[in-house]
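[1] Kindly generate the corresponding structure for this input.
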Amino acid sequence: MPFELQNIDIETDFPGLARCLFDAHEDPPQKFFHIFFPTHGTTTEAREAAIAEAAVRLKMWHTEDPTSSWQKAIDTDTGRIIGAATWNTYLENPFLEHQPPEAYWFPDDSSRKYAEQALKRFDAPREKIAPKAHQYLFIIYTHPEYRRRGVAQQLLDAGLAKADALGLETYLDSTPPGRPLYEVNGFEYVQENPNIPHNDHPDEKWQEMEEKVGPFMFWLMRRPAQGKQTASQ
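    Presented below is the predicted three-dimensional model:
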């Protein structure tokens, strides 16, 4: 099953991108995924509704953000989307007018408050360490059926080539499974980021989020421009 990288079609690709995103993060299950793309229920219908909502939101995030770029990997035999990556290329400090995150994809109850606290904690290390021009890898994923075939590596190569052409450092927030790939591509550990939202008086909805998501860990990682250290770094 050969594959190739392509730029996305904004008008047609987001449903397929969202479905592949869900498949990738459900095998193996990654509990933090519920913060960004929740499924409100346990039925097949609830999952389909979540994928449809994610497709709409991903498209909106992309079209309303001039720093956003996507690339997809497709199976050339079938045309199926088998992986993708989305980057933000910041030519100036992106945190100058940074607003607190609003997790409007949750109901207006404590589940939303839990998610918003988690999102704020997620961004905090990079906001402190990288208040400058840089490139950020927001999402990279491969469908489980196509792993260990170089899909993620090629997606990563394409994004890093853009960063190098612009002379930008690249940052990302890594899960434990992703660290080996990033380390062999010149990323260095910057800061451990445990994410444990807290509420002194948790109600039922907050407790449901704790059970579904629980504590999770990311590592902020950084790759110097052109992959090279300087004396000041």
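[2] any idea how far the residue nearest to the spatial centre of the chain lies from W61?
    By C-alpha atoms, centre = their mean, the chain has its centre lying nearest to I139, at 3.0 Å. Using C-beta to C-beta, to the nearest Å, I139 is found at 10 Å from W61. Where you see a C-beta, it was placed from the backbone N, CA and C, and this is true even at glycine.
[3] what's the overlap in contacts for the two?
    In terms of C-beta atoms under 8 Å, 6 or more residues apart in numbering, I139 and W61 are not both contacted by any residue.
[4] Doesn't F122 lie inside a strand?
    No. Counting by DSSP: H, G, I helix; E, B strand; the rest coil, F122 falls outside a strand, being helix.
[5] quick one: contacts for it?
    Taking C-beta under 8 Å, 6+ apart, one finds 35, 173, 193, 195, 218 in contact with F122.
[6] Packing partners of whichever strand or helix holds E48?
    Per DSSP states H and E: E48 is located in helix 44-63. Under the contact criterion of 3 or more C-beta pairs under 8 Å, 6 or more residues apart in numbering; DSSP states H and E, helix 44-63 touches helix 14-26, strand 68-75.
[7] Next, the buried residues of the longest one.
    Taking 16 or more other C-beta atoms under 10 Å as the neighbour-count basis, helix 14-26 is seen to contain the buried residues 14-25.
[8] Would you tell me what the next helix or strand after that helix is?
    On the C-terminal side of helix 14-26, the nearest following helix or strand under DSSP H and E is helix 33-36.
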